[in-house]
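*Asks:* Quick one: sequence plus predicted model below, questions after.
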Amino acid sequence: MDVLFLSISIDPNEDDPETLALFRSFGDNDWKGWLHLTGDFDEIETLRWVLGAYDLDPELDNDKTEHAGNVTFGNDNTNWWAAVPALIAPEEVADAIVRIAGNPVKQPR
């Protein structure tokens, strides 16, 4: 099973490629298979809404320090997708990913 992690900045004005590269340079982390991405603000906003990473309260949604950390994951071959809170136990995140990644039932696109 191939797993690729994508961390997508919700604040491209602060998190430019140089800042993300600096973040990756801290610590002893092996970032193989984990990309830190930024891009055009409007495109990121669209993606954020498509992934459900928004708050229904516009005031809270506009405060980027209040964003919820979610782990959204899927199996592109079967079109199964899910999300869990990023701050749950790592074992629970892993279990959820394995359930989706290992599900052989193909969903309609």
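*Replies:* Arrived safely, thanks for sending.

*Asks:* now the longest helix along the chain: mean pLDDT?
*Replies:* Secondary structure of the chain read by DSSP state H shows that its longest helix is helix 90-101. Mean pLDDT, computed over helix 90-101, is 90.

*Asks:* In stretch 71-91, which residues are buried?
*Replies:* The neighbour-count criterion (16 or more other Cβ atoms under 10 Å) identifies 71, 73, 75, 80 as the buried residues of stretch 71-91. (Each C-beta comes from the backbone N, C-alpha and C, glycine too.)

*Asks:* ok, which stretches of this protein are strands?
*Replies:* Along the chain, the stretches classed as strands by DSSP state E are 5-8, 34-37, 70-75, 80-85.

*Asks:* Dump the ones you listed to a markdown table, plus distance to residue 97.
*Replies:* Listed next are the strands of the chain as a markdown table, based on distance: least, Cβ to Cβ, whole Å:
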| stretch | distance to residue 97 |
| --- | --- |
| strand 5-8 | 10 |
| strand 34-37 | 14 |
| strand 70-75 | 5 |
| strand 80-85 | 8 |
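
*Asks:* Export those as JSON lines, with columns for distance to residue 63 and mean pLDDT.
*Replies:* As requested, the strands of the chain are arranged in JSON lines below (distance: least, Cβ to Cβ, whole Å; pLDDT from 0 to 100):
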{"stretch": "strand 5-8", "distance to residue 63": "18", "mean pLDDT": "86"}
{"stretch": "strand 34-37", "distance to residue 63": "22", "mean pLDDT": "88"}
{"stretch": "strand 70-75", "distance to residue 63": "16", "mean pLDDT": "87"}
{"stretch": "strand 80-85", "distance to residue 63": "18", "mean pLDDT": "89"}
